[in-house]
Every structure is written in structure tokens, then in C-alpha cells.
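1. fold the following, please.
(one chain, ligands or ions: 4)
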Amino acid sequence: MGNCKLLVLLYLFSTATSLTISRKLPDDLVLATASSSYQIEGAWNEDGKGESMWDRMVHTRPDKIVDHSTGDVACDSYHKIKHDVELIKSMGLEQYRFSISWPRILPYGYANHINLRGVQYYNELIDELIANGITPVVTLYHWELPQIFQELGGWTNALIVEWFEQYARVVFDHFGDRVKLWITINEPKQICWFAYSNGSLAPGLEISGIADYICARNVLLSHARTFHLYKNFYQSVQKGKIGITIDCPWMEPATNSTNDYKAADRARQFDFGLYAHPIFTPTGDFPEIFKKFIAERSRAEGYQQSRLPSFSENEIRNIRGTADFFGLNYYTTSYTKDRKPHPIGKPSSLKDSRIENYKDPNWLIGADPSFRSVPWGFRKILKYIKQNYGDPDVFITEIGFPDSEKFNDTKTVKYHNDHLNELLDSIQVDDVKVKTYTVWSLMDVFEWMRGYTVGFGLYHVDFQDNNRTRTPKLSREFFHTLTRTRTVMQEI
Ligand SMILES: *[C@@H]1O[C@H](CO)[C@@H](O)[C@H](O)[C@H]1NC(C)=O
Ligand SMILES: *[C@@H]1O[C@H](CO)[C@@H](O)[C@H](O)[C@H]1NC(C)=O
Ligand SMILES: *[C@@H]1O[C@H](CO)[C@@H](O)[C@H](O)[C@H]1NC(C)=O
Ligand SMILES: *[C@@H]1O[C@H](CO)[C@@H](O)[C@H](O)[C@H]1NC(C)=O
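-> Numbers count the residues shown, from 1 in each chain. Ligands and ions are numbered 1, 2, ... in the order given. From the prediction side, this is the model:
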């Protein structure tokens, strides 16, 4: 790194009136970065790849994406394996988390036809990472459902448990000899709530309070089935670990009133508890308060039974304890207030939860108002996970901030520095077992409904340029320095 950039970094952490101290990262904390298949690969119809629900949505509903863009080419990473691995290696990062596109290796969804050219792409990527001393972390599902299954109802069809297991078997068979860290499913809330309730992610449905709950049930059962598949048939030979990644924002009560405390608890259960509680608590089931509020409102609306489908005893036994680690994606925090019941009408999960979330306008803001830097919220969610989910090993599988500056992303640098300080307090003071810190994202990518309008990347990507040129940002220099010094600065 040039002296000039070092000076900028130092400048960021020292003002005329404050001093800084430096703090060492624990030796066993792994520094990593991440991406996902649809967001970077491009080559959407090359070499025998099948159509995914994202391909279908961006081609038929461009209005769903703010800049009407697609992931057809994205970062063109399908053609840039060596270059991308070099970008990771040059920063000194130890792990790379990426996902496999289901329709790239199974173009028709089912495992009857395996696309060997798709398999070859992931083989080359995995081999190149390992040859460069970078550990691959593979997500099986980062939202690329084969379109045929979407037409059959996608995550609301109970058969998805079988479809997903067949796909997982192909993945473990082909890559499990070299991949030792597996994430079954990325971000159930985004899969179920944003896609079936809020309508902003593919398939873009708005059947709130119904489809999102059916989806949650099927996501948990698919995850559990895949976990047992790996445990029973692969783990003794392949010796890897397997878990799930859940996006957990922190929800802070807006006031000290009992009602707001209860509302913040409900907000957590309706946001991430519905996924984490069944897997990481001995109950093996949805949280009680979540079940109660949905059941009561369903009754008031005249439904014969709760809109939330329940689990059988057998399903509960199967879901309980199905993770070797807690994969946490953390971005931001909200305040939560209690609210009066909505009038009876069309059902929705927001009405079921009876909460209202908002952000403090003083919190540091990025390129998108929903992302605010709230470092203390990060420490609180980590403590919450330790206390409520059996003190698991925590892999932070994503954390990041979209700066409005293209290259000189000083806010993103500040975000990571502040969050790393909180992380040190979590580990050293709260005794949370955090093992990995994974920056979202390696480079600017197709950010789903935000298209190319926000960039979390350590590298800027020029999406106007056919070669999709990658240019390091200041945050890339920050992490390059961090991997060498393993030291973060704290203002005192
Ligand atoms: C989806 O969420 C966004 C952001 O939270 C919100 O602006 C929008 O109104 C929501 N849409 C629906 C249909 O709930
Ligand atoms: C809640 O109580 C704590 C300590 O009792 C206090 O520090 C904090 O300011 C109070 N918060 C609000 C929003 O009143
Ligand atoms: C980057 O931004 C910081 C803070 O806004 C500013 O002090 C610095 O001069 C900028 N550096 C460059 C190279 O533009
Ligand atoms: C395009 O990018 C590759 C790296 O992927 C680089 O090696 C090559 O020089 C670039 N070509 C041009 C014309 O910029």
C-alpha cells in the first residue's frame, strides 16, 4: 500500500482531540470475503446452464429492479476464475465464501441430468482457491431456484425437501472431497419474506402471512434433511462442517417500557427467531410467542386454524440441533415499538407481529437508507445468539456497508473498523465464540432489487466496461493492512 493511502487510513482514526490504541485480533479469527453465484457469475445461459427464477424475473419483470438491470453478465466471474482468486489472495484473506448455482449444474432442476461443464466451472474455482491457500466455503442455495421448481410453487411446495436433497447429494458427491465448510441455505428471511410476502425478491409474490410461513416451514425441513444427509452419508469420510446462514439485524426496544421490550422480542422472533429457534434451541420448534400471535390473529380473522403450519413431533426431532455452527449475516440495527392491533382485513406477517421498526436518523448512512452503521447493535446480536442459541461457534458469513463513494469508501472503512472493535469486545468480554469475519462483498455485484446502484465491494467493478474491470477501493487497502498487522485501531 502506498504511503498516501496509509495516511488516509490513519487520518480516519485520529482527530485532533482523540487518541487511538491498537488492538490485536485473536490468532484463530479467520478473515474472509464472500459473493454469490447469480450476483457475480453472469454467463446466464452459457455451457448448458438452465434457467433460474432470477433469470425469469429480471427478463419478464424489469420493473422489479430499480435500474432495470439483470445479472446476465454481472461481474462476468464465470470467465475470470484466476483473476478473482488473485484479487482475494492479494489481500491476504484466508477464506472465500461463494455459492453454487443449482441450474448451472442441474439445468432441469432434478438430478437426472448433470451439466458437466457447470461442474467443471466449480471444480476449477475450488482447485484454484486451494492452490492459492484460500479455503472455500460453499453455500448450496443463495437463491437460484431452477425456474421449473418455481413454476411448481417453489418454496411453498412441500416436495422441495426432496428436490433440495437430490441437488445436495450431487454437490457433496462432486465437491465434498475438497470443500470442508458448507452452508445449506443463505438467509431464510430473504427467501421467504422478501420473496413471498414483500414481493421485492424473486419470484416477487405478495402473499403475506401465508406463503412466507409455508416457505419458512419448507426451508427448515429442507435444511434439516440436507444436514442429516451430510451427517449420515458424507461427514465420516469428507470430514467437513455444515450449518445455515441467517440474517439477524439487532432490534432494540425504542423505550424502556415493558410493551416495547416485548415488541422488540417479538420483532426478533418474527425476523430471525422463527428460523434460529427451531434449529438452535432444544424445543426444535417455532418460538412460542410467534406461534401465539399468528394463531390468535388467524382466529380473529375467521380462519379455522393458524395460518402458520405446525411441525409434527417427528419433524421437530429432525430439525432440532441441525447445525455445526451459527452462520450470521449482520448489517444493521433498528429500534422497535409496540403498536396497536391493525383492523381485521387482509392478513400479513407485519400485522401478526404488531411491531413498528425505525432507524435513528443520526446513524451513519450508506448508499441506501436501509443500511446504517450501528456497531453496538452488532455486539448485542452476538451476545443474544450466545445466550439464546446454546453458545454456538459463530461464523460471520456476511457483514458490510455500501458506501456512496466509488473508490474512496471511507465510511465503509469506518464501519468495519468500528464493527471489528465491537467484535473484539464480544470475544474478549462477552466470551462469544466468533471464528470468522467475512466481508460482504469481494467486489461490487448485482445487488438484487437494487441492481447495480449500491456497491459493498472491496473492489469497484466498472459495469459499463466489457471487461468488467475491478479497481481496489480504500476498504481493500484497509483489509490488506489488517491481514498483515492483525490490528485494529480504537479511539479512546
Ligand atoms: C417491502 O419492503 C420495503 C422495504 O422495507 C417497503 O418499502 C415495501 O413497502 C414493502 N412492500 C410490501 C408489499 O410489503
Ligand atoms: C433505559 O434505561 C437505562 C438504564 O436503566 C437508561 O440508561 C436508558 O437511557 C433508558 N432508555 C430510554 C430510551 O429511556
Ligand atoms: C477520501 O475521503 C477523505 C474523507 O472524506 C478525504 O479526507 C480524502 O482526501 C479523500 N481521499 C481521496 C484520495 O480523495
Ligand atoms: C481484462 O481483464 C483481465 C483480467 O480479467 C486482464 O488480464 C486484461 O488485461 C483486461 N483486458 C483489457 C483490455 O483491459
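
2. in a helix, S90, correct?
-> Yes. When the secondary structure is assigned by DSSP: H, G, I helix; E, B strand; the rest coil, S90 falls within a helix.

3. give me the element the closest residue to it other than its chain neighbours is part of.
-> Distance criterion CB to CB, 6 or more residues apart in numbering; nearest residue to S90, sequence neighbours excluded, is H480 at 7.3 Å. Any C-beta I mention is one placed from the backbone N, CA and C, and that applies to glycine too. Taking DSSP states H and E as the definition, H480 sits inside helix 474-485.

4. so for that helix, mean pLDDT?
-> In this model, helix 474-485 carries a mean pLDDT of 98.

5. which helices and strands does it pack with?
-> Contacts defined by 3 or more CB pairs under 8 Å, 6 or more residues apart in numbering; DSSP states H and E place helix 474-485 against helix 3-12, strand 30-34, helix 81-91, helix 410-428.

6. in the shortest one, what's buried?
-> So the one you mean is strand 30-34. Within strand 30-34, the residues scored as buried using 16 or more other CB atoms under 10 Å are 30-34.

7. which element follows it toward the C-terminus?
-> Counting by DSSP H and E, the next helix or strand C-terminal to strand 30-34 is helix 37-40.

8. strands of the stretch 201-350 of the chain, start to end?
-> Under the criterion DSSP state E, counting those that start in this stretch, the stretch 201-350 of the chain contains strands at 241-247, 250-253, 326-330, 333-338.

9. which residue does the stretch 51-200 of the chain bring closest to ligand 4?
-> Using CB to the nearest ligand atom, the closest approach of the stretch 51-200 of the chain to ligand 4 is made by H83 at 3.7 Å.

10. nearest residue to that residue other than its sequence neighbours?
-> The shortest distance from H83 to any non-neighbouring residue, by CB to CB, 6+ apart, is to R470 (7.6 Å).

11. which stretches of the stretch 1-150 of the chain have low pLDDT?
-> When residues are selected by pLDDT under 70, those of the stretch 1-150 of the chain lie in 1-17.

12. one more time with 90, if that's ok
-> Low-confidence segments of the stretch 1-150 of the chain, defined by pLDDT under 90, are located at 1-19.

13. the strands in it, which residues?
-> With strands called from DSSP E, counting those that start in this stretch, the stretch 1-150 of the chain shows them at 20-24, 30-34, 95-99, 135-141.

14. against which helices or strands is the longest one packed?
-> Spelled out, it's strand 135-141. The criterion is 3+ CB pairs under 8 Å, 6+ apart, and the helices and strands that strand 135-141 contacts are strand 30-34, strand 95-99, helix 116-131, helix 160-175, strand 181-186.

15. what angle do the second one and strand 181-186 make?
-> Between the axes of strand 95-99 and strand 181-186, defined by axes from the mean of the first three to the mean of the last three CA atoms, to 10 degrees, the angle is 40 degrees.

16. repeat that for the third one.
-> Taking the same axes, to 10 degrees, helix 116-131 and strand 181-186 form an angle of 130 degrees between their directions.

17. packing partners of helix 116-131?
-> Packing partners of helix 116-131 (3+ CB pairs under 8 Å, 6+ apart): helix 81-91, helix 102-105, strand 135-141, helix 160-175.

18. contact partners of it?
-> Helix 116-131 is contacted by residues 47-49, 78, 81-82, 85, 88, 96, 98, 100-101, 104-105, 107, 135-136, 138, 174-175, 178-179 when judged by CB atoms under 8 Å, 6 or more residues apart in numbering.

19. over to the last one?
-> For strand 181-186, the external contacting residues (CB under 8 Å, 6+ apart) are 36, 95, 97, 99, 135-143, 168, 191, 219, 222-223, 226-227, 230, 240-245, 327, 329, 395, 397.
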